[in-house]
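In: how does the following fold in three dimensions:
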Amino acid sequence: MALIKLRKTNEAGEDAGILIVNTDQIVAITAGTNATELQMADGRPRWVRDTPDEVASLTKTSA
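Out: The predicted structure is shown next:
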């Protein structure tokens, strides 16, 4: 289990703090207009300020 630290946001792109994510739980990474959407294994989306490339890079280096 690898954990990564991301900059949490809401759908509008407003800062909402920090999000710690287990990389094993990320199903998909989607670029949105204001934020990057992470589809999680529990079916709930999470939005972050980090770009899809940054998230993908973090998941690869932490695995």
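In: low-confidence stretches in the chain?
Out: Residue ranges of the chain with pLDDT under 70: 1, 62-63.
In: in it, which spans are helices?
Out: For the chain, helices defined by DSSP state H occupy the ranges 52-62.
In: strands of that one, start to end?
Out: 3-9, 15-22, 26-31, 36-40, 45-48 (DSSP state E).
In: outside of the last one, which residues touch it?
Out: For strand 45-48, contacts defined as Cβ atoms under 8 Å, 6 or more residues apart in numbering pick out 6-11, 19, 21, 32, 35-40, 55. For glycine as for every other residue, the C-beta is placed from the backbone atoms N, C-alpha and C.
In: buried set for it?
Out: Buried positions in strand 45-48, judged by neighbour count with 16 or more other Cβ atoms under 10 Å: 46-48.
In: then the longest one?
Out: Neighbour counts over strand 15-22 (16+ other Cβ under 10 Å) mark 19, 21 as buried.
In: next one: it to chain centre, how far?
Out: 8 Å (Cα atoms, centre = their mean, to the nearest Å).
In: one more: the shortest one?
Out: If you compare the mean C-alpha spot of strand 45-48 with that of the full chain, they lie 5 Å apart, counting by Cα atoms, centre = their mean.
In: same check on stretch 39-52?
Out: The answer for stretch 39-52 is 4 Å, by Cα atoms, centre = their mean.
In: name the residues of it that are buried.
Out: Neighbour counts using 16+ other Cβ under 10 Å place 46-50, 52 of stretch 39-52 among the buried residues.
In: can you put the residues you listed in TSV and add distance to D15?
Out: Formatted as TSV, the buried residues of stretch 39-52 follow (distance: Cβ to Cβ, whole Å):
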residue	distance to D15
R46	14
W47	11
V48	10
R49	7
D50	12
P52	18
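In: so which two of those residues are the farthest from each other?
Out: Distance extremes for these: the farthest pair is R46 and P52 at 13.0 Å, using Cβ to Cβ.
In: still on that earlier bit, and the buried residues of stretch 39-52, which is closest to K60?
Out: Nearest member of the buried residues of stretch 39-52 to K60, counting by Cβ to Cβ, is P52, at 12.5 Å.
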